[in-house]
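Peer 1: Predicted model and sequence below, questions to follow.
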Amino acid sequence: MDIGRHERRDRSRAGAGGEGSGPGNRTCGRKNSGGLITVVRAGKSQFSTLLDLDAQSDRLQTALTYAKEHLSNPLLVDALANAACLCPRQFSRLFKEETGHSPARAIEWLRVESARLMMESGRFSAEEIARKNGFGNRERMRRSFVRAFGQSPQTIQRTVSA
């Protein structure tokens, strides 16, 4: 997917008179080195995994929905393939073909996105966020954040709070 396509899609989602319209409320997206999309709205930067995980088949959409609903659990390819009613090998091949990413990478991105949103709410401790999103502990969550965003969760949290 090219960056321009993401920008057009973001702008069309904002709609006329909506959050992303009007002068000074520009919406644009660009891919960072981790493959995540950084969405900039009205001067605030937001990371969005969901923009980059467009599965075309209903089966893969079902697997992604299953993953989002079970982030706190171990999400093995076997479980995702079962949710999609495919064998693990066929699921992995189709997932990579449609999304451009491995299932493991996509699950990690979904987890860091969910964790980032929980951090923004400010209602959860880092340990609780790590547990609820399937990281197991804060250190594993920190490593995933650095891989995905190039920054630690604490740095992102400070940026969001500012």
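Peer 2: Noted; the coordinates are in hand.
Peer 1: Which helix or strand contains residue 148?
Peer 2: helix 138-149 (DSSP states H and E).
Peer 1: in the very next helix or strand once past that helix, what's buried?
Peer 2: Following helix 138-149 in sequence order, the next helix or strand is helix 153-161 (DSSP H and E). Using 16 or more other C-beta atoms under 10 Å as the test for burial, helix 153-161 gives 153, 156-157. Bear in mind the C-beta positions are built from the backbone N, C-alpha and C, glycine included.
Peer 1: Go through those and name the one nearest residue 56.
Peer 2: residue 156 (30.9 Å; C-beta to C-beta).
Peer 1: Can you give me the neighbour number for residue 137?
Peer 2: 11 (other C-beta atoms under 10 Å).
Peer 1: Could you pull up the residues touching it?
Peer 2: 127, 130-131 (C-beta atoms under 8 Å, 6 or more residues apart in numbering).
Peer 1: just checking, which of those belong to helices?
Peer 2: Those of the contacts of residue 137 mapping onto helices are 127, 130-131, per DSSP state H.
Peer 1: Can you convert the residues you listed into CSV and add a column each for distance to residue 66, pLDDT and neighbour count?
Peer 2: Listed next are those as CSV, based on distance: C-beta to C-beta, whole Å; pLDDT from 0 to 100; neighbours: other C-beta atoms under 10 Å:
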residue, distance to residue 66, pLDDT, neighbour count
127, 25, 92, 12
130, 21, 95, 23
131, 20, 95, 16
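Peer 1: need these in TSV with distance to residue 87, can you?
Peer 2: Below are those laid out as TSV (distance: C-beta to C-beta, whole Å):
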residue	distance to residue 87
127	37
130	32
131	31
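Peer 1: Show me where this protein has its strands.
Peer 2: Along the chain, counting by DSSP state E, strands occupy 27-31, 37-41, 44-48.
Peer 1: Show me this protein divided up by domain.
Peer 2: Domains of the chain are assigned by automatic domain parsing as 3-52, 55-162.
Peer 1: Now the weakest link among those, please, by mean pLDDT.
Peer 2: With a mean of 39, domain 3-52 has the lowest mean pLDDT of those.
Peer 1: can you point me to the longest helix in the protein?
Peer 2: helix 103-121.
Peer 1: mind exporting it as CSV, just the C-alpha atoms?
Peer 2: Output in CSV follows, covering the C-alpha atoms of helix 103-121 (Å, rounded to 0.1, in the frame of the first residue of the first chain):
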residue,chain,number,x,y,z
PRO,A,103,0.1,-13.1,11.7
ALA,A,104,2.7,-12.7,14.5
ARG,A,105,3.6,-9.2,13.4
ALA,A,106,-0.1,-8.2,13.0
ILE,A,107,-0.9,-9.5,16.5
GLU,A,108,2.0,-7.6,18.0
TRP,A,109,0.8,-4.4,16.3
LEU,A,110,-2.8,-5.0,17.5
ARG,A,111,-1.4,-5.4,21.0
VAL,A,112,0.7,-2.3,21.0
GLU,A,113,-2.2,-0.3,19.6
SER,A,114,-4.6,-1.5,22.3
ALA,A,115,-2.0,-0.9,25.0
ARG,A,116,-1.3,2.7,23.6
LEU,A,117,-5.1,3.4,23.8
MET,A,118,-5.2,2.1,27.4
MET,A,119,-2.3,4.3,28.3
GLU,A,120,-4.0,7.4,26.9
SER,A,121,-7.0,6.7,29.2
